[in-house]
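K.L.:
Quick one, what's the 3D model for this:
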Amino acid sequence: MQSKKILKILRPIIEIFYAFFSIFILIFLLLYLSDANFSLAFKGFVNSSIGGRNNAYLFSTLSKMALISGMAIAALVAFRGGLFNIGGEGQLVVGGFACAFTGLLVSDFGFIGILISIISGMLAGATWALLSGFLTVYMGVPLLVGSLLLNYPARFITSYLVSHPFRDVQSGLPQTFLLSKNVWLPYFPNTRLDLGILIIFFVYVICLIIFYYTKHGYHSKNMGHSLSYVKLSGLPTKKIVFKTLALSGAIAGIVGSIAVLGIHHRFTDGMLVQPLYAWTGIIAALLVNLNLWFVPLAGFFFAAIYTGAAGMERIAQVPKEIATVIQAVIILFVVGKLGSLTNLSSSKGDKDD
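P.N.:
Next comes the predicted model:
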């Protein structure tokens, strides 16, 4: 009996590390096929992901890790509840724009202005996520479809806003005015790493508490396992759906706010779309079998791949597109896990609650 309990605990850990081991084998295979010097490639990867003068590359990796991990948490919150919300990109974008717009208005408020800006990003992200929930519950639109399609108006609306009414015309680019330093996220001493990583860690801890110590976390988990069970138990399905989506969207909005206040200090058209933070976060969440404990590891892994790939190209002449190839293979690796996550996405909502 004791051995079964130990095996039950170790099994997900073994599966996750098996996945990472398989990916490393794939990386070595790709390096072999590209006729690369393994020693130089490894040196370039390590130096560009965790090295550099005064650990500059490490801080760059940690900064990217914070954003990827944040989007992974946002996706995991929804997926765990059986809600296949792939609208994280739209929620990320509207959250970032709302934060930038608010930051311009509260630039003289210092720390309070930072809090207000982040809260505005949270509310924008949560609202955008709730739109997809409304379409699912009340209009019968599958969440998979509704959340995906809402990414496009989010991108187009924010693109229009930063290209016309809120554009900094002197910059020559479709972007807002530069935020005052009063509302920039502070940096760690002697680094270019902002405190956004601490905010993501705080979100991570809060989600752990919600998952394991609250009624909503328990109900959401049950809904992910069996929607029919939740319905037959008489639980408020609609309420659980909306609360879960709101939390997921709010986290995505926080990530967008961190990118604005900590990295770019303004909102630029495409700055949150082109790096594929949302989609990489989804892949990271699936790679660790929706296990929140391992999200930071997955976030660091993907961040290191992106920053390290540039170093391999620079030092060992390995094409940096290898990172894209690896990501594509990982997508194929985890796509088989999606079937159990779409029980609500394909439904037309519960109209009897």
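K.L.:
which residues touch Thr199?
P.N.:
If you look again at residue 199, you'll see it is Ile, not Thr. 66, 118, 185, 254, 258 (CB atoms under 8 Å, 6 or more residues apart in numbering). Just so you know, the C-beta spots here come from the backbone N, C-alpha and C atoms, and that holds for glycine as well.
K.L.:
among these, which two are most distant?
P.N.:
Ala66 and Ile118 (13.7 Å; CB to CB).
K.L.:
tell me, what's touching those two both at once?
P.N.:
Joint contacts of Ala66 and Ile118 (CB under 8 Å, 6+ apart) are 199, 258.
K.L.:
Between those two, which has more neighbouring residues?
P.N.:
The neighbour count for Ala66 versus Ile118, taken as other CB atoms under 10 Å, is higher for Ala66 (29 against 26).
K.L.:
and the gap between the residue nearest to that one when sequence neighbours are not counted and Ala72?
P.N.:
Closest residue to Ala66 apart from its sequence neighbours, by CB to CB, 6 or more residues apart in numbering: Ile197 at 4.1 Å. Counting by CB to CB, to the nearest Å, the gap from Ile197 to Ala72 is 14 Å.
K.L.:
Show me which of the contacts of Ile199 is closest to Lys43.
P.N.:
Closest to Lys43, out of all of the contacts of Ile199 and judged by CB to CB, is Ala66, at 25.9 Å.
K.L.:
circling back to that earlier point, hang on, the residue nearest to Ala66 is in a strand, isn't it?
P.N.:
No: according to DSSP: H, G, I helix; E, B strand; the rest coil, Ile197 belongs to no strand; its state is helix.
K.L.:
pretty sure it is in contact with Ile68, am I right?
P.N.:
No: using CB atoms under 8 Å, Ile197 is not in contact with Ile68; the gap is 11.3 Å.
K.L.:
So between these two, which is more surrounded?
P.N.:
Set side by side, Ile197 and Ile68 show more neighbours around Ile68, with 28 against 22, by other CB under 10 Å.
K.L.:
Quick one: neighbours of the nearest residue to the more buried one once chain neighbours are set aside, just the number.
P.N.:
The spatial neighbour of Ile68 that comes closest, neighbours along the chain excluded (CB to CB, 6+ apart), is Gly299 at 4.5 Å. If you count neighbours by other CB under 10 Å, Gly299 ends up with 29.
K.L.:
Contact partners for Gly299?
P.N.:
65-66, 68-69, 72, 281, 284.
K.L.:
Need the pLDDT of it.
P.N.:
Turning to Gly299, the model gives it a pLDDT of 96.
K.L.:
Okay, and it sits in which element?
P.N.:
Element membership of Gly299 [criterion: DSSP states H and E] is helix 295-316.
K.L.:
For the helix or strand that that helix is followed by, buried residues please.
P.N.:
Downstream of helix 295-316, the first helix or strand assigned by DSSP H and E is helix 322-334. Residues 322-323, 326-327, 329-330, 333-334 are the ones in helix 322-334 that count as buried (16 or more other CB atoms under 10 Å).
K.L.:
want to throw the residues you listed into TSV with pLDDT?
P.N.:
Formatted as TSV, those follow (pLDDT from 0 to 100):
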residue	pLDDT
Ile322	76
Ala323	74
Ile326	76
Gln327	73
Val329	75
Ile330	76
Phe333	72
Val334	70
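K.L.:
Can you pull out the low-pLDDT segments for the protein?
P.N.:
Residues of the chain meeting the criterion pLDDT under 70: 1-2, 8-9, 335-353.
K.L.:
Okay, helices next: where are they in it?
P.N.:
Listed in chain order, the helices of the chain (DSSP state H) span 2-33, 38-50, 56-80, 88-105, 111-139, 143-149, 151-163, 196-213, 215-225, 227-232, 237-258, 277-287, 295-316, 322-334.
K.L.:
helices or strands up against the fifth one?
P.N.:
To tie it back to what came earlier, the one meant is helix 111-139. The helices and strands touching helix 111-139, judged by 3 or more CB pairs under 8 Å, 6 or more residues apart in numbering; DSSP states H and E, are helix 88-105, helix 143-149, helix 237-258.
K.L.:
now for these, which one comes closest to Gly125?
P.N.:
Per CB to CB, nearest to Gly125 of the helices and strands packed on helix 111-139: helix 237-258, 2.4 Å.
K.L.:
what helices or strands is the closest one leaning on?
P.N.:
By 3+ CB pairs under 8 Å, 6+ apart, helix 237-258 packs against helix 56-80, helix 88-105, helix 111-139, helix 196-213, helix 215-225, helix 227-232.
K.L.:
got the contact list for the fifth one?
P.N.:
Read that as helix 215-225. 79-83, 210-211, 229-230, 233, 235, 237, 240-241, 243-244, 341, 343-344.
K.L.:
can you rerun that using 7 Å?
P.N.:
Helix 215-225 has contacts (CB atoms under 7 Å, 6 or more residues apart in numbering) with 80-82, 210-211, 229-230, 235, 240, 243-244.
K.L.:
sorry, back to before: adding distance to Leu40, write the contacts of Ile199 out as a markdown table.
P.N.:
Shown next, in a markdown table, are these (distance: CB to CB, whole Å):
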| residue | distance to Leu40 |
| --- | --- |
| Ala66 | 29 |
| Ile118 | 42 |
| Leu185 | 36 |
| Ile254 | 39 |
| Ile258 | 35 |
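K.L.:
Relative to Val203, which of these is nearest.
P.N.:
Ile254 (6.2 Å).
K.L.:
wait, isn't that closest one in contact with Val203?
P.N.:
Yes: in this structure Ile254 lies within contact range of Val203 using CB atoms under 7 Å: 6.2 Å.
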